[in-house]
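A.B. asks: Build me a model:
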Amino acid sequence: MPPCVDDKPRVRWMQPELLQVKGETFVSLRDPAQIHQDLMLLSPLAYQLTQLMDGKSTRQEILFQAEQRWGVKLQVEQLNQLLNSLEERYVLDNASSRGFLRDLPCRPAAHAGSAYPDQPDELRNFLDQLLSDLPRKEPPAAEAYLIPHIDLRRGRESYAHAYCDAANGLDAFELFVVLGITHAYSHHPFVLTRKDYQTPLGPVQTDLELVEALAEGLPFDPFLDEFNHLGEHSIEFQLVFLQHLRKKPVKILPILCGSFQECLERPHWPEEDSRVEAFLTRLGAVVPRQKTCWIASVDLSHLGQRFGGAALSVPELQRLEERDRATMKEAARGDARAFLSTLQQDRGQRNYCGTSAIYSLLQVLKPEAGHLLHYQQCNEPGLTSTVTVASVSYPSPSGSAS
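C.D. replies: Residues are numbered from 1 along each chain as shown. Got it, this is the predicted structure:
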């Protein structure tokens, strides 16, 4: 690969982790977009330098900041060597990595072969087995759902309640709006992609006309973090179910939602951010109300040792269920702000992975009261940690008809 030519380099977001190798400390970078499959090891100083690569500072300014902050005087050749290494691995957000993204024929099935089988027949058998515990409801399907994005096996019961409710009515829809969660950092509250999605069951068409209409006139670039779509599972997991259960091809509007945590820790409404207000207004204006199904791909609480807390007890899990059910009661009522208020009361301490997608769905659709189909706690052995999930259906959003 040619050397990096960026005068103001900017790194894509990478997942860092401290590692000890033969007594030395390194920072490993994992690419959530999975463009570069291997871990990249950096010295602590090299990692600190990447944090100065914000797309605004020149190479000389980066060297100056390093000297001012850390007392380290580096030669430009040393910085150039680091930049070339980052360029080679597509870590920089520049013409090379954007060209890689542009040239991808579609967004690949990133989790096939790990989260679910990568062979079509095996995948269909896997999904049939997962859905086999419940009868499939007669049509029509609901016009909006909250469905987990946890590992398919761990969240089996909640997936089954949602998709057995929807299965026989999914062919009535022409479009699926899938509101996923971006687990990678995003600069803006929503992330779009122009790419079709690929799964072992074939391609899933992204409605490009709707994507462009939605992006038009927004006060931010919704494609800035488009890389996040490549490795994210929250949309991908819903697509394999939709493809399996429908007889017709699936067309989607895939949207990744960023964090609303600040709205919980310092309680205020998301629309106080002009980007959120503009996006939700635009989303409601461009998406057709008829023959559209909305899916918020969401998990709920994340508590315990895995998430920086203490191990849990049975009484604590019981209290957590009471709080989660109170939150889901407001979500099922279709009241976005009442839902959010229940999370603001504890300043977001339950670590909901789904707040932004649930709130966005409710604010745009303003549905009539729905139904909590299922709630479950996915506990780890010894109750060291838990992730809670639920499935909810909204049969009759206001102003919508199939």
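A.B. asks: tell me the SS of residue 35?
C.D. replies: On the three-state scheme (DSSP: H, G, I helix; E, B strand; the rest coil), residue 35 is labelled coil.
A.B. asks: Residue 223 versus the nearest residue to it once chain neighbours are set aside, what's the distance?
C.D. replies: Spatial nearest neighbour of residue 35, excluding adjacent residues (C-beta to C-beta, 6 or more residues apart in numbering): residue 90 at 4.8 Å. In short, each C-beta sits where N, CA and C put it, glycine included. Distance from residue 90 to residue 223, counting by C-beta to C-beta, to the nearest Å: 17 Å.
A.B. asks: Strands along the chain, start to end?
C.D. replies: In the chain, the strands defined using DSSP state E lie at 15-21, 24-30, 40-42, 144-147, 175-181, 190-192, 197-199, 202-206, 251-257, 292-297, 302-304, 371-379, 385-393.
A.B. asks: ok so, going back, and the gap between the residue nearest to residue 35 and residue 243?
C.D. replies: 29 Å.
A.B. asks: May I see the buried residues of the lengthiest helix in the chain?
C.D. replies: As assigned by DSSP state H, the longest helix anywhere in the chain is helix 314-333. The neighbour-count check on helix 314-333 (16 or more other C-beta atoms under 10 Å) flags 317, 320-321, 323-324, 327-328, 330-332 as buried.
A.B. asks: now swap in stretch 57-73 and tell me
C.D. replies: Across stretch 57-73, burial judged by 16+ other C-beta under 10 Å covers 57, 59, 62-63, 66.
A.B. asks: who's in contact with that stretch?
C.D. replies: Under the criterion C-beta atoms under 8 Å, 6 or more residues apart in numbering, residues 7-9, 45, 48-49, 52-53, 74, 76, 79-80, 83 lie in contact with stretch 57-73.
A.B. asks: what's around residue 337, how many residues?
C.D. replies: Residue 337 is flanked by 14 other residues according to other C-beta atoms under 10 Å.
A.B. asks: was I right about it contacting residue 268?
C.D. replies: No. The criterion here is C-beta atoms under 8 Å, and residue 337 misses it with residue 268 at 11.1 Å.
A.B. asks: Pick the most deeply packed of the strands of the chain.
C.D. replies: strand 144-147 (a mean of 28; mean count of other C-beta atoms under 10 Å).
A.B. asks: Identify the bridge partners of residue 302.
C.D. replies: Beta-bridge partners for residue 302, by DSSP bridges, are residue 387.
A.B. asks: Distance-wise, check it relative to residue 217.
C.D. replies: To residue 217, residue 302 is 35 Å away according to C-beta to C-beta.
A.B. asks: Give me the residue ranges of the stretch 151-300 of the chain where confidence is low.
C.D. replies: Within the stretch 151-300 of the chain, no range satisfies pLDDT under 70.
A.B. asks: mind listing the helices for it?
C.D. replies: Assigned by DSSP state H, counting those that start in this stretch, the helices in the stretch 151-300 of the chain fall at 156-166, 208-215, 228-231, 234-245, 261-265, 274-286.
A.B. asks: Columns mean neighbour count and distance to residue 313 on top of those helices, output as a markdown table?
C.D. replies: Listed next are the helices of the stretch 151-300 of the chain as a markdown table, based on neighbours: other C-beta atoms under 10 Å; distance: least, C-beta to C-beta, whole Å:
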| stretch | mean neighbour count | distance to residue 313 |
| --- | --- | --- |
| helix 156-166 | 23 | 23 |
| helix 208-215 | 16 | 45 |
| helix 228-231 | 22 | 35 |
| helix 234-245 | 24 | 30 |
| helix 261-265 | 17 | 24 |
| helix 274-286 | 17 | 37 |
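A.B. asks: Quick one, which of those gets closest to residue 125.
C.D. replies: For these, proximity to residue 125 was assessed by C-beta to C-beta; helix 234-245 is nearest, at 10.2 Å.
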